[in-house]
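1. Whatever this is, show me its structure:
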Amino acid sequence: MTAPTHLARPRVEVPGSVDEAVRRLAELGPDGAALAGGTWLMRSPTPPGTFVSLHRIAELRGVAAGTWGALTTHAALAAAPLPPALRALGTAARTSAFPQVRNVATLGGNLNARGFAEADLVPALLVLDAGVEVATAAGRHRIGVDGYLRSAHGDTADPAAVLVSATASAPAGRRSGYARLTVRGGGEYALVSVAISADLDEAGVASAVRVAVGSVEARARRCPEAEAALAGTTLDEAAARAAGLAAAAVLTPRDDLLAPGWYRLEVLPAVFARAAADCLTDPATDHDTGEAP
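-> Predicted coordinates:
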């Protein structure tokens, strides 16, 4: 007897190179999908007939100065020595979910998981103005994270595209930070997440401010209103809370089983304050868990 389609076990193929993976995904079309850490599989209502596993492709692994392979895990990012300018990415990786997930969840998976508003690394990559390298059947190209999110999550997304790596610069004087709020238990997904990046002058005054908010709306995004509220400040708590209020005034929150939309907006100022404080925190004092009080 043939098993029902939704219970059938998908095939798994294991290419040895990026080019081979792209070629096979192009051949499979909608019946294939790339497989990385696999943490999203349990939430997928319609798995493909064939997974193209990327785990043997060495090019997709590794952490270098400002460059991270798509298969870099949250645990590896959390353990990597990052300069203050890139701190937001390390904090996001270190506080995401729980150890079992951090050991397998990947940077590429966070950027590619559709319908996953809670992806912790996405707000951090947005404020770091990160770019990504993408391999397709037509060749390789680089694109900013925001542009990649729009194309990869859109209706015209290329099913054969493979994310290769992400890159961000770390100018002197730039600081970044991240904070999230969650309720312990279950998947420990973020109810709200905030990433902030800013250039600080000798007096600690912020310019070139970038702010991204995750998990409040369906997809993480930059918030110009919050950026304007933080520009010219020293990222102090009062300024950060004011920026949180500015963000709450323009965001359209979502409701789900974990929290109603009004609650996500209510806690935004406090999460903004913690993200701003993380920008200025000595790494030796890292202890944030992201728990709800």
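2. where exactly do the strands run in the chain?
-> Secondary structure of the chain by DSSP state E: the strands cover 11-13, 32-35, 50-53, 63-64, 67-69, 131-136, 139-144, 162-167, 174-181, 192-200, 206-214, 221-222.
3. and the third one, what other elements does it pack with?
-> What it means is strand 50-53. With contacts taken as 3 or more CB pairs under 8 Å, 6 or more residues apart in numbering; DSSP states H and E, strand 50-53 sits against strand 11-13, helix 18-28, strand 32-35. Yep, even glycine has a C-beta here, placed from its N, CA and C like the rest.
4. how far does that strand sit from the chain's center?
-> 23 Å (CA atoms, centre = their mean, to the nearest Å).
5. for the residue nearest to V164 when sequence neighbours are not counted, what are its contacts?
-> Nearest residue to V164, sequence neighbours excluded (CB to CB, 6 or more residues apart in numbering): E133, at 4.3 Å. Shown in contact with E133 (CB atoms under 8 Å, 6 or more residues apart in numbering): 140-142, 163-167.
6. can you list these in a markdown table and add pLDDT and neighbour count?
-> Shown next, in a markdown table, are those (pLDDT from 0 to 100; neighbours: other CB atoms under 10 Å):
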| residue | pLDDT | neighbour count |
| --- | --- | --- |
| R140 | 96 | 13 |
| H141 | 96 | 11 |
| R142 | 96 | 13 |
| L163 | 96 | 25 |
| V164 | 97 | 19 |
| S165 | 96 | 24 |
| A166 | 97 | 25 |
| T167 | 97 | 16 |
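7. how about a markdown table for the residues you listed, with distance to G115 added?
-> Converted to a markdown table, the contacts of E133 look like this (distance: CB to CB, whole Å):
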| residue | distance to G115 |
| --- | --- |
| R140 | 27 |
| H141 | 25 |
| R142 | 26 |
| L163 | 17 |
| V164 | 23 |
| S165 | 24 |
| A166 | 21 |
| T167 | 26 |
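8. Of these, which is the nearest to Y178?
-> Closest approach between the contacts of E133 and Y178, by CB to CB: A166, at 15.5 Å.
9. Go ahead and confirm that closest one touches V63.
-> No - with contact defined as CB atoms under 8 Å, A166 does not count as touching V63 (10.7 Å).
10. Quick one: residues contacting D120.
-> D120 makes contact with 74, 92-93, 95-97, 110, 178, 180, 190, 193, 214, according to CB under 8 Å, 6+ apart.
11. Please enumerate the helices of this protein.
-> Taking DSSP state H as the test, the helices found in the chain are 18-28, 74-79, 87-95, 99-102, 107-112, 121-127, 145-152, 224-230, 237-248, 261-279.
12. Tell me which of those sits nearest to G37.
-> Closest approach to G37 among those (CB to CB): helix 107-112, 5.0 Å.
13. Of the helices of the chain, flag the one that's most buried.
-> Stretch with highest mean neighbour count among the helices of the chain: helix 121-127 (a mean of 29; mean count of other CB atoms under 10 Å).
14. now could you export just the CA positions of that helix as PDB?
-> Provided in PDB are the C-alpha atoms of helix 121-127 (Å, rounded to 0.1, in the frame of the first residue of the first chain):
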ATOM      1  CA  LEU A 121      19.800  36.600  12.900                       C
ATOM      2  CA  VAL A 122      17.800  38.600  10.400                       C
ATOM      3  CA  PRO A 123      17.400  41.900  12.300                       C
ATOM      4  CA  ALA A 124      21.100  41.800  13.200                       C
ATOM      5  CA  LEU A 125      22.100  41.200   9.600                       C
ATOM      6  CA  LEU A 126      19.800  44.100   8.500                       C
ATOM      7  CA  VAL A 127      21.400  46.600  10.800                       C
END
